[in-house]
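structure for the following, please:
(2 chains)
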Amino acid sequence: GQQLNQSPQSMFIQEGEDVSMNCTSSSIFNTWLWYKQDPGEGPVLLIALYKAGELTSNGRLTAQFGTTRKDSFLNISASIPSDVGIYFCAGQRYGTASKLTFGTGTRLQVML
Amino acid sequence: GAGVSQSPSNKVTEKGKDVELRCDPISGHTALYWYRQRLGQGLEFLIYFQGNSAPDKSGLPSDRFSAERTGESVSTLTIQRTQQEDSAVYLCASSLAPGSGEQYFGPGTRLTVT
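A predicted model of the protein is given here:
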């Protein structure tokens, strides 16, 4: 099935650095979501975005719903070791209420 | 309250055997979803249940896959005549509102077909 393109695929950063990742699609989504998955666990919802251009923060996390509705961005400020994990974007379209289309994931590793 | 729970957490089975995976959604959540996650990949939608409506089965990869849900409670995902390509983590999620993207996931069942 279709998956959204996420970049970067993986990244190593120093503790305290800011992190940016993005997600793109060839088609429009009406809702964008960002999830984090730790090893051996299910994804946990971080941020949900419902409107084109929307910028939403959750603590050190900030996400934006792209104005074209074909992309979204996630920023993490001042990274800490517990930020390690895999970050997935997910999109949802009107009329397909049951389905989330997930990105390919960005693996984040933080060096102390 | 408790989150979404799944059992078993791990399952190893021989090729050709049937397996049944269980999901207990969050109490009061009307919508339930099953996803498959292959190693190193994102999640693939399998099936969606909403109340007593007919489920959306459009993501099931073959007729060997089926799922049931009784009312707004437990769901079981059954894979018949398992194949090695069925090896994956099977994740269940529930949401309070129908068709909401704000889904809450269980820890998954890791299925290994030998």
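
measure B:P8 to A:Q3 for me?
B:P8 sits 27 Å away from A:Q3, going by CB to CB, to the nearest Å. For glycine as for every other residue, the C-beta is placed from the backbone atoms N, C-alpha and C.

for the two, indicate the residue with more neighbours.
Counting neighbours by other CB atoms under 10 Å in any protein chain shown for B:P8 and for A:Q3 shows that A:Q3 has the greater number, 18 against 13.

which parts of chain B sit against chain A?
Contacts of chain B with chain A, taken as CB under 8 Å from any CB of the partner chain, map to B:4, B:31, B:33, B:35, B:40-45, B:48, B:50, B:56, B:58-59, B:91, B:93, B:98-99, B:101-108.

narrow the residues you listed to those in helices?
Among the residues of chain B next to chain A, no member is found in helices (DSSP state H).

which residue ranges form the strands in chain A?
With DSSP state E, the ranges of strands along chain A come out as A:5-7, A:10-14, A:19-24, A:31-37, A:44-49, A:55-58, A:61-65, A:71-76, A:85-92, A:101-102, A:106-111.

against which helices or strands is the longest one packed?
Spelled out, it's strand A:85-92. If you count contacts as 3 or more CB pairs under 8 Å, 6 or more residues apart in numbering or on different chains; DSSP states H and E, strand A:85-92 packs onto strand A:5-7, strand A:19-24, strand A:31-37, strand A:71-76, strand A:101-102, strand A:106-111.

possible to save those strands as TSV with mean pLDDT?
Below are the helices and strands packed on strand A:85-92 laid out as TSV (pLDDT from 0 to 100):
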stretch	mean pLDDT
strand A:5-7	94
strand A:19-24	96
strand A:31-37	95
strand A:71-76	97
strand A:101-102	92
strand A:106-111	90
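
which one of the ones you listed lies nearest to chain B?
Taking CB to the nearest CB, strand A:101-102 is the member of the helices and strands packed on strand A:85-92 nearest to chain B, at 3.8 Å.

which elements pack onto that closest one?
strand A:85-92, strand B:43-50.

just checking, A:Q6 touches A:F102?
No - contact status for A:Q6 versus A:F102: not in contact, 9.2 Å apart, counting by CB atoms under 8 Å.

the two: which is more packed in?
A:F102 (26 against 22).

is that one in a bridge, and if so with what?
When assigned by DSSP bridges, A:F102 has beta-bridge partners A:A90.

does it really touch B:G42, like I thought?
Yes - with contact defined as CB under 8 Å, A:F102 counts as touching B:G42 (3.8 Å).

ok, B:G59 - contacts?
Contacts for B:G59 (CB atoms under 8 Å, 6 or more residues apart in numbering or on different chains) come out as A:G1, A:K99, B:E44, B:F45, B:L46, B:I47.

meant to ask about A:T56, not that
Neighbour list for A:T56: A:I47, A:A48, A:L49, A:T62, A:A63, A:Q64 [criterion: CB under 8 Å, 6+ apart].
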